[in-house]
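S.K.: Sequence unavailable; structure follows:
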Ligand SMILES: Cc1ncc(CO)c(N)n1
């Protein structure tokens, strides 16, 4: 986007408007405790077990997004970006299993917490064919961006992240994942620019819900819900 272009892209506008909520999700006490090295390892293990359950539900959500892109998108490259996301999730599921065994977290015996069940149910509602591609891809961006921002912060200058947690932070905090999130943001902005007021307000409400769920998800790892 050129400097002379004063038009503010939709996602940037929302991040400004909902800055407090976005910051609660991306600078949560749990991830801040990873960054400053004070993290309670039982909280980390709780997060690991719960996030594995979430990721298993996230896969069909991204598959449904692929289907929406195929039917509705005006740009063929969207499909390739989403397919890349699915490939990364395939790797992620294997990583969770390895990481869980490393920390002795019994995944098959992990019971989903209420917040997790609600978040998974919300994902399922977005899989409906009634939900517009623009709304779903914007949600996808928000879900990925929270992890990217949160974990990249754990690796940035001055962080004291314990060695044994660096691989986890790298998984979402690496530059490639940052690029990927940026591409998703561009897709969402491009779609939102062409959307009706109705779709735009649905997408905004969905982003807010995602951010709220993300905060509650981190809360869950502290053992508070
Ligand atoms: C709860 C949650 N949000 C986002 C991501 C990013 O993939 C994840 N793994 N888990």
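M.R.: Noted; the coordinates are in hand. All figures in this text were calculated on a predicted structure; none of them were measured in a lab. Numbers count the residues shown, from 1 in each chain.

S.K.: After whichever helix in the chain runs longest, heading C-terminal, what element do we hit next?
M.R.: The residue-count maximum for a helix in the chain (DSSP state H) belongs to helix 41-72. Note on helix 41-72: by DSSP states H and E, the next helix or strand toward the C-terminus is helix 77-102.

S.K.: ok, now which ones touch the closest residue to the ligand within the chain?
M.R.: Using Cβ to the nearest ligand atom, the single residue of the chain nearest to the ligand is residue 147, 3.8 Å away. Bear in mind the C-beta positions are built from the backbone N, C-alpha and C, glycine included. Residues in contact with residue 147 (Cβ atoms under 8 Å, 6 or more residues apart in numbering) are residue 172.

S.K.: repeat that for 10 Å
M.R.: For residue 147, the contacting residues are 25, 26, 31, 51, 169, 171, 172, 173, 177, 181, 214, 217, by Cβ atoms under 10 Å, 6 or more residues apart in numbering.

S.K.: rewinding a little: report all helices and strands that the longest helix of the chain contacts.
M.R.: Packing contacts for helix 41-72, counted by 3 or more Cβ pairs under 10 Å, 6 or more residues apart in numbering; DSSP states H and E, involve helix 29-35, helix 77-102, helix 114-126, helix 133-153, helix 166-173, helix 197-221.

S.K.: Any chance of a markdown table for those, columns distance to residue 67?
M.R.: Converted to a markdown table, the helices and strands packed on helix 41-72 look like this (distance: least, Cβ to Cβ, whole Å):
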| stretch | distance to residue 67 |
| --- | --- |
| helix 29-35 | 32 |
| helix 77-102 | 10 |
| helix 114-126 | 12 |
| helix 133-153 | 9 |
| helix 166-173 | 25 |
| helix 197-221 | 18 |
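
S.K.: Adding mean pLDDT, write the ones you listed out as TSV.
M.R.: Listed next are the helices and strands packed on helix 41-72 as TSV, based on pLDDT from 0 to 100:
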stretch	mean pLDDT
helix 29-35	97
helix 77-102	97
helix 114-126	98
helix 133-153	98
helix 166-173	98
helix 197-221	97
